[in-house]
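A.B. asks: below are the sequence and a predicted model for it; my questions follow.
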Amino acid sequence: MRAAWRAELSKIATVRGQWVAAILATAAMPLTSLLVATTASVGAGATATSGAVTGSIVGLLAFGVWGASLAAGEYGTQTIVVSLATVPRRAVLYTAKIAAAATVAGVGAIVSATSALLLVLAVTPPGRQPLGNPATLVSVVLVMIAVAVVGVAIGVITRSPTMAVAIVVVALLLPRAAGGLLGRLQPWVVGASPDTVVTQIVGGTPLLTSQTYPAGTWAAAATMVLVAGALASAGAVALMRRDG
Amino acid sequence: MSLHLALRPRSPARPQGVRTSADERAPAAIVVEDATKVMDGFKVLDGISFTARHGRVTALLGPNGAGKSSMLRAILGIDHLTSGRTTIGGRPFREHRQPLRVAGAFLTPDAAHPRRSARGHLGVVATSNGLPRTAVSRALELVGIASIADVPVRQLSLGMRQRLGLATALIGDPAAVILDEPHNGLDAPTIRWLRVVLRALADAGRTVLVSSNLIAEVEPICDDVIIIDEGRLRVASPLVDFVGGAPGAPGRLSLEESYLRVLRLP
């Protein structure tokens, strides 16, 4: 298992586009949050910590798309044939893929969250905003890992980079964009979507009732984790059934 | 590096730096038992059984669409069989702890990421099975592409990518080698080189199973012949029996003539 995980990390490290994309995903949230902070778009009641995650949706999109293209790209380039022939145990191969994506996304997300907070603090005049609770940034790290893992799962399920990326983008953006179409389900769906979960945990940014999970913040997080787990499991089933 | 020097004879001895069980270093016959694969109601493989033995080159022949690639993918566990069983070294390929020590495969020259270098590709493969980094340089030298090891795969010619595919198959110093149409797109010198490689692999004790449409190319090196057509086994025989004797024997046919005759092709 460890060898397969290291091989998956090696796959990322040996293709420039893949590690550059991971770096860009890491930079996405801090740069977006910096933009928001410098344009004084932070609302009343916001903290430096909540300001740091104003760009979380961009970071989540970036890590989700990265994970999806990472996995689906193997089918696009046919390199999956070598992967299946060198690590023929599907459970090991899939777990290694998930673990490698989670490792890179985890490191990237820690750097991303930390640098976002430092940048927001650097550009905010002293005393203008309270710090908030930086420990809640752990939530954005975990959600970024979850989104990257789901991206990998969707990549394995679709086996098409274009389709996988499209699904990830739609899954992350649609709940908020078209939440009104969901009727009474809107707060249950939008409230458990990744960026809303982050916003609810970090606090400081007011959400509409229609965007707030009715059962509470931690139930929203648990729902998101359950959905991510279900999609990751679906990816495993797809790999085992379709690819042998 | 001479190929004969580079290919270590199969023995139970544990190679330096490589953890492996004794049985995974033992000669590994490829056994196919009643392999059947149905796709969309169509029998791609229909009850095929044969054995490819160690120390011998077994040629897997058949017309386009006969099921050769499907057979090889099933042996490697890449595709599921609907029924039947395939083993390498007594176990399904998936059950080996270090699969690249048991069987190396070349299924397509396009299986390396176009933006990864040959060295990077082999590094990933070696890492996946816990092979030492020296295995990468050894494999590069073995197939003669060490000088272009750091060039992105997309810049390599088909012949060089074929060699990289062969390096991928050989990197684990496996007991069995499975090659699907390795002659495709190769120029004459590279085909000749491949002929030497395959023969040397078998002479070093490996099980070599190679599919090809270039029948005249495999005839000089193969020991056994498997012919499948429309998913069914038509011939599983030593070459000398199939063509009617050793080279020069009276009445002996060429492999191509025998092949066309058995398939009733003009």
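C.D. replies: Nice, thanks for sending it over.

A.B. asks: where's the residue nearest the centre of chain B relative to residue B:68, distance?
C.D. replies: Nearest to the mean C-alpha position of chain B, by Cα atoms, centre = their mean, lies residue B:178 at 2.0 Å. Here residue B:178 is placed at a distance of 11 Å from residue B:68 (Cβ to Cβ, to the nearest Å). Every residue, glycine included, has its C-beta placed from N, CA and C.

A.B. asks: beyond the helix or strand that contains residue B:31, next helix or strand please.
C.D. replies: Take DSSP states H and E as the rule and residue B:31 turns out to sit in strand B:30-39. Next along the chain after strand B:30-39, taking DSSP H and E as the criterion, comes strand B:42-52.

A.B. asks: wait, a strand at residue B:178?
C.D. replies: Yes. Assigned with DSSP: H, G, I helix; E, B strand; the rest coil, residue B:178 falls within a strand.

A.B. asks: and the closest residue to it other than its chain neighbours, what does it touch?
C.D. replies: In this structure, residue B:178 finds its nearest non-sequential neighbour in residue B:105, 4.5 Å apart by Cβ to Cβ, 6 or more residues apart in numbering or on different chains. Residue B:105 sits next to A:85, B:72, B:76, B:168-169, B:177-180 when contact means Cβ atoms under 8 Å, 6 or more residues apart in numbering or on different chains.

A.B. asks: which of those residues sit farthest apart?
C.D. replies: B:72 and B:168 (14.5 Å; Cβ to Cβ).

A.B. asks: circling back: can you tell me the element the residue nearest to residue B:178 falls in?
C.D. replies: strand B:103-106.

A.B. asks: show me what counts as buried in that strand.
C.D. replies: B:103-106 (16 or more other Cβ atoms under 10 Å in any protein chain shown).

A.B. asks: reformat the contacts of residue B:105 as a markdown table; add distance to residue B:157 and pLDDT.
C.D. replies: Output for these, formatted as a markdown table (distance: Cβ to Cβ, whole Å; pLDDT from 0 to 100):
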| residue | distance to residue B:157 | pLDDT |
| --- | --- | --- |
| A:85 | 23 | 92 |
| B:72 | 24 | 97 |
| B:76 | 26 | 95 |
| B:168 | 17 | 95 |
| B:169 | 19 | 94 |
| B:177 | 22 | 95 |
| B:178 | 23 | 96 |
| B:179 | 19 | 95 |
| B:180 | 19 | 94 |
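
A.B. asks: residues of chain B that sit close to chain A?
C.D. replies: Residues of chain B lying close to chain A (Cβ under 8 Å from any Cβ of the partner chain) are B:76-80, B:93-94, B:96, B:99-100, B:105, B:107-108, B:110-117, B:120-121, B:123-125, B:127-130, B:168.

A.B. asks: would you tell me which helix is longest in the chain?
C.D. replies: If you meant another chain, say so; for now it's chain A. In chain A, with assignment by DSSP state H, the single longest helix is helix A:90-123.

A.B. asks: actually, chain B is the one I wanted.
C.D. replies: Secondary structure of chain B per DSSP H: the longest helix is helix B:188-203.

A.B. asks: contacting residues around the very next helix or strand once past that one?
C.D. replies: The C-terminal neighbour of helix B:188-203 among helices and strands, as given by DSSP H and E, is strand B:207-211. By Cβ under 8 Å, 6+ apart, the residues outside strand B:207-211 that reach it are B:27-30, B:52-62, B:68-69, B:71-72, B:75, B:88, B:175-182, B:198, B:201-202, B:218, B:222.

A.B. asks: need the helices for the stretch 101-250 of chain B, in chain order.
C.D. replies: Secondary structure of the stretch 101-250 of chain B (DSSP state H, counting those that start in this stretch): helices at B:118-128, B:134-142, B:158-170, B:188-203, B:215-218, B:239-243.

A.B. asks: just say which of these is most tucked in.
C.D. replies: Most buried of these, by mean neighbour count (mean count of other Cβ atoms under 10 Å in any protein chain shown): helix B:118-128, with a mean of 25.

A.B. asks: mean confidence (pLDDT) on it, please.
C.D. replies: Taken as a whole, helix B:118-128 has an average pLDDT of 96.

A.B. asks: how about residues contacting it?
C.D. replies: A:3-4, A:6-7, A:10-11, A:14-15, A:82-83, A:86-87, B:100, B:112-113, B:116, B:131-133, B:135-136, B:139-140, B:145, B:148-151, B:153, B:156, B:160, B:164, B:167-168, B:171-172.

A.B. asks: ok so, going back, name the helices or strands packed onto the longest helix of chain B?
C.D. replies: When contacts are defined as 3 or more Cβ pairs under 8 Å, 6 or more residues apart in numbering or on different chains; DSSP states H and E, helix B:188-203 packs onto helix B:3-6, strand B:57-61, helix B:158-170, strand B:176-180, strand B:207-211.

A.B. asks: so for residue A:54, which of those sits nearest?
C.D. replies: Evaluated with Cβ to Cβ, these place helix B:158-170 nearest to residue A:54, the distance being 46.6 Å.

A.B. asks: for the closest one, packing partners?
C.D. replies: Partner elements for helix B:158-170 (3+ Cβ pairs under 8 Å, 6+ apart): strand B:103-106, helix B:118-128, helix B:134-142, strand B:176-180, helix B:188-203.

A.B. asks: let's see it at 6 Å
C.D. replies: If contacts are counted by 3 or more Cβ pairs under 6 Å, 6 or more residues apart in numbering or on different chains; DSSP states H and E, helix B:158-170 sits against strand B:103-106, helix B:118-128, helix B:134-142.

A.B. asks: okay, the angle between that helix and helix B:134-142?
C.D. replies: Angle, helix B:158-170 to helix B:134-142, by axes from the mean of the first three to the mean of the last three Cα atoms, to 10 degrees: 140 degrees.

A.B. asks: report the angle between helix B:158-170 and helix B:118-128.
C.D. replies: Angle of helix B:158-170 versus helix B:118-128, following the same axes, to 10 degrees, is 20 degrees.

A.B. asks: send me helix B:158-170 as CSV with only the CA atoms.
C.D. replies: C-alpha atoms of helix B:158-170 as CSV (Å, rounded to 0.1, in the frame of the first residue of the first chain):
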residue,chain,number,x,y,z
LEU,B,158,7.1,5.0,-31.9
GLY,B,159,10.1,2.7,-31.8
MET,B,160,11.5,4.4,-28.7
ARG,B,161,8.1,4.2,-27.0
GLN,B,162,8.0,0.5,-27.9
ARG,B,163,11.4,0.1,-26.2
LEU,B,164,10.1,2.1,-23.2
GLY,B,165,7.1,-0.2,-23.0
LEU,B,166,9.5,-3.2,-23.0
ALA,B,167,11.6,-1.5,-20.3
THR,B,168,8.4,-1.2,-18.3
ALA,B,169,7.7,-4.9,-18.8
LEU,B,170,11.2,-5.9,-17.8
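
A.B. asks: what are the contacting residues of it?
C.D. replies: Contact partners of helix B:158-170, identified using Cβ atoms under 6 Å, 6 or more residues apart in numbering or on different chains, comprise B:104-106, B:109, B:112, B:118, B:122, B:125, B:139, B:142-143, B:145, B:177, B:185-186, B:190.

A.B. asks: how about 7 Å then?
C.D. replies: With Cβ atoms under 7 Å, 6 or more residues apart in numbering or on different chains as the test, helix B:158-170 has contacts from A:82, B:104-106, B:109, B:111-112, B:118, B:121-122, B:125, B:139-140, B:142-145, B:148, B:153, B:156, B:177, B:179, B:182, B:185-187, B:190, B:197.

A.B. asks: got it, and stretch A:146-156?
C.D. replies: A:60, A:63-72, A:97-98, A:101-102, A:105, A:164, A:167-168, A:194, A:224-225, A:228, A:231-232, A:234-235, A:238-239.

A.B. asks: what is the mean pLDDT for it?
C.D. replies: 97.

A.B. asks: picking up where we left off before, and the strand holding residue B:105, how far out from the chain middle?
C.D. replies: Computed by Cα atoms, centre = their mean, to the nearest Å, the chain-centroid distance of strand B:103-106 equals 6 Å.

A.B. asks: and if you look at stretch A:63-80?
C.D. replies: Distance, centroid of stretch A:63-80 to centroid of chain: 16 Å (Cα atoms, centre = their mean).
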